[in-house]
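>>> could you look at this predicted model? Sequence included:
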Amino acid sequence: MQTSSEIANTFGRLVELIRTLRSENGCPWDREQTPQSFHPYILEEYHEMVQALNHGAADEIADEMGDLIFLVIFVAYMFEQEGITTLKHIVEGVIEKMTRRHPHVFGGVSVANAQDVIDNWRRIKDSEENISSRESLLDGIPRSLPALSRAQKLAKRAARVGFDWTRAEEVVPKIDEELAEFKEAMAAGSPAGIREELGDLVFVVANAARHLSIDAESALHDTSDKFERRFRFIETALGAKGKALSEATLEEMDEFWDEAKEIEKSGNS
């Protein structure tokens with residue numbers, strides 16, 4: 001394992017690399033970038049890192065994590081160039097914050113379990129100036145979050161003051177209610193109404209997942225993976241029969257879909 005000084009030296013080399021890229025004799029493309037232009041690259045690299053964490057080998061994980069770290073430090077350096085902050089201030093700030101939020105490690109606070117840690121963290125965080133000065137309980141939840149994650153975070157925050165169902169079973173009638181309203185909107189044929197009611201339905205389903213301690217984003221990813229896996233099976237099965245997707249009937253594709261399901265079930269059992 002690397003020593004702290006070795007890690008600090010490596011981090012310094014990364015900063016010097018970025019400074020060189022942004023210098024007059026550096027890369028023209030890198031010099032043109034702004035924190036705003038880097039936003040999509042950070043999102044893309046984050047998702048590639050998650051993909052690697054879930055399915056990749058060690059080298060791929062390290063590669064994707066490196067890309068994301070590079071982009072974050074790159075953006076921090078751009079802010080330093082603009083005189084908004086400095087890398088030193090950013091790093092010292094997060095060190096101070098994490099030290100403050102872990103009094104059971106760096107202070108004299110005793111905790112019995114992980115829930116105590118979470119409770120202390122929330123109390124400390126809520127007392128911090130940039131948090132305590134918020135006007136709404138919902139402030140600080142980014143709109144740029146994936147929609148399912150944002151829905152769960154908004155509802156979880158509102159639940160702090162009792163604006164919530166008490167049990168997961170209580171959410172089911174609300175799902176039925178929203179589904180009925182969605183069907184009514186479809187019957188009425190109003191695109192705006194259909195869109196709104198569909199959003200309401202998805203929001204309630206996301207909160208049912210929250211009450212069941214299920215991350216809705218992850219659950220939907222798993223279902224999407226399952227869909228992709230089964231659809232690829234259809235492609236392969238049709239290819240083995242010398243048929244293209246465009247030549248197959250829905251009935252044929254459904255048969256292979258059901259076959260893929262059975263194979264998965266027998267494999268799981």
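Yep, it's here. Numbers count the residues shown, from 1 in each chain.

>>> find the nearest non-adjacent residue to residue 151, please.
Of all residues beyond its chain neighbours, the one nearest residue 151 is residue 206 (4.3 Å), with distances taken as Cβ to Cβ, 6 or more residues apart in numbering. Using the backbone N, CA and C atoms, a C-beta is placed for each residue, glycine as well.

>>> how far is stretch 233-244 from where the chain is centred?
35 Å (Cα atoms, centre = their mean, to the nearest Å).

>>> hey, which helix or strand in this protein has the poorest pLDDT?
The helix or strand of the chain with the lowest confidence, counting by mean pLDDT, DSSP states H and E, is helix 129-132 at a mean of 78.

>>> so where's the chain uncertain?
Within the chain, the stretches with pLDDT under 70 are 268-269.

>>> how about the helices in it?
4-22, 28-32, 39-55, 58-81, 87-100, 103-106, 114-127, 129-132, 147-159, 171-188, 191-211, 216-240, 250-268 (DSSP state H).

>>> can I get these in TSV including mean neighbour count and distance to residue 138?
Shown next, in TSV, are these (neighbours: other Cβ atoms under 10 Å; distance: least, Cβ to Cβ, whole Å):
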stretch	mean neighbour count	distance to residue 138
helix 4-22	12	35
helix 28-32	10	36
helix 39-55	15	22
helix 58-81	16	26
helix 87-100	12	22
helix 103-106	13	27
helix 114-127	12	14
helix 129-132	9	13
helix 147-159	17	6
helix 171-188	14	20
helix 191-211	17	14
helix 216-240	14	18
helix 250-268	12	40
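
>>> and the ones you listed as JSON lines, adding distance to residue 165?
Shown next, in JSON lines, are these (distance: least, Cβ to Cβ, whole Å):
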{"stretch": "helix 4-22", "distance to residue 165": "46"}
{"stretch": "helix 28-32", "distance to residue 165": "50"}
{"stretch": "helix 39-55", "distance to residue 165": "30"}
{"stretch": "helix 58-81", "distance to residue 165": "36"}
{"stretch": "helix 87-100", "distance to residue 165": "33"}
{"stretch": "helix 103-106", "distance to residue 165": "32"}
{"stretch": "helix 114-127", "distance to residue 165": "21"}
{"stretch": "helix 129-132", "distance to residue 165": "26"}
{"stretch": "helix 147-159", "distance to residue 165": "9"}
{"stretch": "helix 171-188", "distance to residue 165": "5"}
{"stretch": "helix 191-211", "distance to residue 165": "7"}
{"stretch": "helix 216-240", "distance to residue 165": "15"}
{"stretch": "helix 250-268", "distance to residue 165": "32"}
